[in-house]
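In: please find the sequence and the predicted model below.
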Amino acid sequence: MCLGVPGRITDRWEEQDGALLAHADFNGEVRVIRLNYLPELAVGDWTIVHAGFALARLDDEEAGQTLALLREVGLLESPPAEPAIT
């Protein structure tokens, strides 16, 4: 089951083979994700990821509401400090 936790892009880069990658912060846990399906995502954008691929872009309000609901029902801990965007 996928919970659809929003992640915020903290940095992005292109590999030599052309793969578009990014670091995304998911409530304090940073993961490398692929931007193949959403190459327009930028640092600071929120996304939903499945199997390592960014699949949807969320606005700040939508991401905040989703995170608040996941915390309310006990699926996420309290928010950590704001992630540094590089």
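Out: That came through fine. Note that the coordinates shown come from a computational prediction; the quantities given were computed from them, not determined experimentally.
In: which strand or helix spans E40?
Out: Using DSSP states H and E, E40 falls within no helix or strand.
In: could you check the pLDDT of it?
Out: For E40, the model assigns a pLDDT of 97.
In: now it: how far from I9?
Out: 11 Å (CB to CB, to the nearest Å). For the C-beta atoms, the positions are set from N, CA and C on the backbone; glycine is no exception.
In: ditto for N36
Out: 14 Å.
In: can you report how many residues neighbour H50?
Out: Using other CB atoms under 10 Å, H50 has 12 other residues around it.
In: then R31?
Out: For R31, using other CB under 10 Å, the count is 12.
In: list the buried residues of the helix or strand of the chain with the lowest mean pLDDT.
Out: The helix or strand of the chain with the lowest confidence, counting by mean pLDDT, DSSP states H and E, is helix 60-72 at a mean of 92. Judged by neighbour count (16 or more other CB atoms under 10 Å), helix 60-72 contains these buried residues: A63, T66, L67, L70.
In: no more questions from me, cheers.
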